[in-house]
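Engineer: my questions concern the predicted model and sequence given below.
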Amino acid sequence: MSRADKVWIIDFGSQYTQLIARRVRELSVYSEIVLPTIKPADVRKNNVSAIILSGGPSSVYEDKAPNIDTGIFEMDLPVLGICYGLQLMSRHFGARVHTDNRREYGRSAITFQKDSILFKGISGSTTVWMSHGDHVDSLPEGFDIAAVSENNAPAALIHREKALMGLQFHPEVAHTVEGTKILKNFLFGVGKLNRDWTSERFIDQTISKVREQVGGGKVLMALSGGVDSSVMGVLLYRALGKQCIPVFINNGLLRKNEQFEVVRFLKKEMGLPIRMYNYSSLFLNALKGVTNPERKRKIIGHQFIRAFEEIARKYTDLKYLAQGTLYPDVIESRSVNGPSQVIKSHHNVGGLPKRMKLDLIEPFNRLFKDEVRKIGKEFGIPPVILNRHPFPGPGLAVRIIGEITPYRLALLRKADTVFIDELKSSGEYDRVWQSFAVLIPVKTVGVMGDQRTYENVIALRSVNSSDGMTADWSPLPYQVLSRIASRIVNEVRGINRVVYDITSKPPGTIEWE
Ligand code: XMP
């Protein structure tokens, strides 16, 4: 099979970097996000076909502003700079970039001044999304101005001979009306790339890669009951058959029943010989008295590995552990060397002990969730499984604020079950990305019948998102919320108040811990 084209997106810390990667992939071209420290030799070694420089919060003249090896501009590869990326490229080619009070933020109209492949099919003027304080205010050498903003500042610069170009606005954001067309023009008009990033290709490539990596050995496959590990399970089972040892570990932090439905499906319909292990008392003992969220994640990661290693010892020639880690988990847990800050060490990335005896196989660690769902569809996994809301690896541990006890777990399980049941029966479940209940370590006064109560508070969280990296709280209908609240207070003894979380991400995260 010929090699697929690959775009590298150099991340200067923009909140939109992920979105650029997704947009490129939506156009069927594989893309990866890389750090500004990459060198031209890395670009060559990895057979990169085109480069996009992301935006970022810095100013190119700040002391600690991220920079790149400018040899990248001499490689004869198409480069598209966006916002900060444009400013960095312009400075390299001798332009002045400066901060002034003409900050442009939000929708703005740009007017084209010159025909170019980058803007093929768009003419006159169009609406774009701006978000910058710095401007390029003299022409970089060899470049022409292709479009100007309402303030008459350069909105697009294009090199006369090389495939170097830059945009002061964000083509990846939906508010930029012709954004997709511009990205398409860059990839296919300028870069002449192929649309060869498809689920079929990914499946074929992964199957051969995994077979080669594993040889005749065995792989312990960690299933959580969630979408990612379920699809991974089906894929690896197809690649390795009996060399796969699919296991499901009950860590005591699961929701009521739900995981088991998925396991039943994978066993019955997909033929996976899943073995179930109950490690709940070990996990819960290790978590006793722990309230710090990062500590909880680390302990859970550790316990998982201990459990996997213990199971692995029962087999000869078992050297690998496969898990369904996704690209956003990797990015959000990435080291502080990158411009994007670590938000949470997702347990299955940052929580793993350094000296683990098993080697990791993570076939989806460059995929977004919607891509995993597409692959699942190829395998004939039904929507009720594929459209399940994400559930975090540390499970209910990060939804119980404060200490995890059997009593508090039981309260949360009951409340969560009512919430999800009601969302399903009202049809809201499939309209939102993720919903769950959170137990808050606070007691409030209430009245039930003629009795004073002094009980716990449950928060409901429901968000709309496309990849979990950013999210808006879901505007669930009042009647649905009201029914859920009254059912929880009536049916779950120990809860006397329900609140609804109306924080988006950012500034909140989706989970409370
Ligand atoms: P946050 O809370 O970081 O969550 O906005 C983004 C998405 O990731 C899930 N999540 C996790 N998944 N291990 C996981 O496997 C974790 O430690 C973890 N923390 C958060 C979360 O449910 C949401 O879908």
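Structural biologist: Noted; the coordinates are in hand. Numbering: from 1, shown residues only.
Engineer: use CA for all of it now, contacts and neighbours both
Structural biologist: Fine.
Engineer: near the ligand, which residues of the protein show up?
Structural biologist: 346-347, 390-394, 468, 509-511 (C-alpha under 6 Å from any ligand atom).
Engineer: helices of the stretch 251-400 of the chain, start to end?
Structural biologist: 258-268, 280-286, 293-312, 327-332, 369-378, 383-386 (DSSP state H, counting those that start in this stretch).
Engineer: what stretches of the stretch 301-450 of the chain score poorly on pLDDT?
Structural biologist: Along the stretch 301-450 of the chain, the parts satisfying pLDDT under 70 run over 334-355.
Engineer: how about the helices of the stretch 251-400 of the chain in JSON lines, adding mean neighbour count?
Structural biologist: Formatted as JSON lines, the helices of the stretch 251-400 of the chain follow (neighbours: other C-alpha atoms under 10 Å):
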{"stretch": "helix 258-268", "mean neighbour count": "16"}
{"stretch": "helix 280-286", "mean neighbour count": "15"}
{"stretch": "helix 293-312", "mean neighbour count": "20"}
{"stretch": "helix 327-332", "mean neighbour count": "20"}
{"stretch": "helix 369-378", "mean neighbour count": "18"}
{"stretch": "helix 383-386", "mean neighbour count": "16"}
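Engineer: of all the ones you listed, which one is nearest Gly427?
Structural biologist: Across those, Gly427 has its closest neighbour in helix 383-386 (12.9 Å, C-alpha to C-alpha).
Engineer: tell me the helix or strand right after the closest one.
Structural biologist: helix 406-425 (DSSP states H and E).
Engineer: now the angle from that next one to helix 258-268?
Structural biologist: 70 degrees (axes from the mean of the first three to the mean of the last three C-alpha atoms, to 10 degrees).
Engineer: ok, then the element right after helix 406-425?
Structural biologist: strand 434-448.
Engineer: name the helices or strands packed onto that next one?
Structural biologist: For strand 434-448, the elements it packs on are helix 406-425, strand 451-464, strand 495-500, judged by 3 or more C-alpha pairs under 8 Å, 6 or more residues apart in numbering; DSSP states H and E.
Engineer: adding mean neighbour count, write the ones you listed out as JSON lines.
Structural biologist: Listed next are those as JSON lines, based on neighbours: other C-alpha under 10 Å:
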{"stretch": "helix 406-425", "mean neighbour count": "18"}
{"stretch": "strand 451-464", "mean neighbour count": "19"}
{"stretch": "strand 495-500", "mean neighbour count": "19"}
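Engineer: ok, which of those comes nearest Glu212?
Structural biologist: strand 451-464 (39.1 Å).
Engineer: go ahead and confirm Thr70 touches His92.
Structural biologist: Yes - here Thr70 reaches His92: they are 7.4 Å apart, a contact under C-alpha atoms under 8 Å.
Engineer: spatially central residue in the protein, please.
Structural biologist: Pro328 (2.8 Å; C-alpha atoms, centre = their mean).
Engineer: that one against Asp370, yeah?
Structural biologist: No - Pro328 is beyond contact range of Asp370, at 11.7 Å (criterion: C-alpha under 8 Å).
Engineer: Glu161 falls within a strand, correct?
Structural biologist: No - with DSSP: H, G, I helix; E, B strand; the rest coil as the criterion, Glu161 is located in coil rather than a strand.
Engineer: so what's it up against?
Structural biologist: Going by C-alpha atoms under 8 Å, 6 or more residues apart in numbering, Glu161 touches Gly142.
Engineer: distance of it relative to Val190?
Structural biologist: 12 Å (C-alpha to C-alpha, to the nearest Å).
Engineer: distance from the chain centre to stretch 175-182, please.
Structural biologist: 22 Å (C-alpha atoms, centre = their mean, to the nearest Å).
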